[in-house]
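Undergrad: Let me see the structure of the following:
(one chain, ligands or ions: 1)
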Amino acid sequence: MKRFLVLLVAISVLLVSTGAVFAQRVDVGIVLPTKDEPRWLQDVARFEEVISKTPYRVEVLFSQGSSAAEKTNVETLIARGAKVIIICAHDAAAAAAAVEMAKLEGVTVISYDRLITGTDAVDYYVTFDSISVGEAMGQYLVDNVTGKGHPLYLYAGALTDNNSFLFFQGAWNILQPKIADGTFVIKNSAQAEAVKDIKELSRDQLAAIIGEVTTDWDMNVAKSKAEAHLTAKTAADKGQVYILAPNDGTSRSIADVFAADPDVTKYFITGQDAEKASVQYIIDGKQSMTVFKDTRVLAADAMNMAIEILEGKTPQTDTTYFNQAIEVPSKQSPVLVVTKDNVKEALIDSGYYDAGEFTGI
Ligand code: GAL
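TA: Take a look at the predicted model:
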């Protein structure tokens, strides 16, 4: 019995000390920011489709809105032998440490959708054209305005996300001349009001505005901010209003707040991601538009790039993005504006969603 116990202990010690050997090895690791936003569930579903067709071993991990968890995920993937890591950062600057660690281990790093900033440890960036996302939002608001003096409410994404800068910059490109000429009157951002005559904003100027009107990509933050803004305003600041909302989740919560205000007679509101709930809002006339970013394309682009790297080839890129340290070779995909008019064609007929997932389409 005693011998048996000694043997058992010896085997356990051996198993623990060689644990890494038993963990499943991976070729490509994918790290996504959170499961709690529908946008990233779209991406993971599309990754799963692509993964099922590759002979490579791929593992997807979620960081649940934590840079510490994100770093642990990267460590786990390195320990499992990943040669390529595709990572969508929770916090652009904080993620630099995680990818620098990966680079030291000889891993190729692909920034996915959100650019990791302030480091030379990013090899490639696979993204949608985020400036054009913001421009599409701005253009939608401009296309639906006539006359002067219309209230404009501005909202932005998280300050820790480089995309928030690109989206706002794009929107500002289109909105600024219409703010400067009095078509729109900004109602909720002293920072934007202070620079309304400046077309090209610096990163610091953008950061000041984003910091003031950020939603943190959080529907609850968006809701309380919108409520506070409307409470602080009078009926004269309402009526027919225009709202720059940075994505679908925040758009729905801001739209609900504006819809509930008796002094708001009509609102135009933007969004992006074509989340199912927002597609229903668009069908129902509660959200005006969304910018569709076809995650099938992005997931396939990133995986194809990873496979090329595994096979020793140099991936094709079509542009570069400055990440505040280096120009990162990038592959960029176009986006599509979706309104009530083309929602069926863009999202159902294209096979992205099933008609049965919506009512009234
Ligand atoms: C951005 C992303 C958007 C949106 C947002 C919130 O970086 O490009 O599509 O989902 O994050 O998660």
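Undergrad: Could you report the neighbour count for the residue of the stretch 251-361 of the chain at minimum distance from the ligand?
TA: Residue nearest to the ligand within the stretch 251-361 of the chain (CB to the nearest ligand atom): residue 273, separated by 4.8 Å. Yep, even glycine has a C-beta here, placed from its N, CA and C like the rest. Neighbourhood size, residue 273 [other CB atoms under 10 Å]: 22.
Undergrad: Which of the helices or strands spans the closest residue to the ligand within the stretch 1-150 of the chain?
TA: Taking CB to the nearest ligand atom, the ligand has its nearest neighbour within the stretch 1-150 of the chain at residue 39, 3.4 Å off. Using DSSP states H and E, residue 39 sits in helix 38-51.
Undergrad: what's the answer for residue 185, then?
TA: Using DSSP H and E, residue 185 maps to strand 184-186.
Undergrad: thinking again about what came up before, contacts only, for the residue of the stretch 1-150 of the chain closest to the ligand.
TA: By CB atoms under 8 Å, 6 or more residues apart in numbering, residue 39 lies in contact with 247-249, 273, 275.
Undergrad: Which residues of the stretch 1-150 of the chain lie near the ligand?
TA: Proximity of the stretch 1-150 of the chain to the ligand, by CB under 6 Å from any ligand atom, involves residues 37, 39, 113-114.
Undergrad: from those, which has minimum pLDDT?
TA: Across these, the bottom pLDDT score, 91, is held by residue 37.
Undergrad: so how far is the longest helix along the chain off the chain centroid?
TA: Scanning the chain for the helix with the most residues, using DSSP state H, yields helix 162-180. With CA atoms, centre = their mean, to the nearest Å as the basis, helix 162-180 stands 17 Å off its chain's centre.
Undergrad: Quick one: list the elements packing against the following helix or strand past the strand holding residue 185.
TA: Note on strand 184-186: by DSSP H and E, the next helix or strand toward the C-terminus is helix 190-194. Packing partners of helix 190-194 (3 or more CB pairs under 8 Å, 6 or more residues apart in numbering; DSSP states H and E): helix 203-213.
Undergrad: ok, back up a step: tell me which residues in the strand holding residue 185 are buried?
TA: Neighbour-count burial for strand 184-186, with 16 or more other CB atoms under 10 Å as criterion, is recorded at 184, 186.
Undergrad: ok, residues contacting that strand?
TA: 141, 145, 149-154, 175, 178-179, 192-193, 196, 242.
Undergrad: what's the model's confidence in it, averaged?
TA: For strand 184-186, the mean pLDDT works out to 98.
Undergrad: Could you do stretch 81-99 as well?
TA: 98.
Undergrad: Repeat that for stretch 316-329.
TA: 98.
Undergrad: Any part of it near the ligand?
TA: No. Stretch 316-329 stays out of contact with the ligand when judged by CB under 6 Å from any ligand atom, the minimum separation being 13.1 Å.
Undergrad: how long is that stretch end to end?
TA: This stretch, stretch 316-329, spans 9 Å end to end (CA to CA, to the nearest Å).
Undergrad: With stretch 186-195 instead?
TA: Using CA to CA, the end-to-end distance of stretch 186-195 comes to 11 Å.
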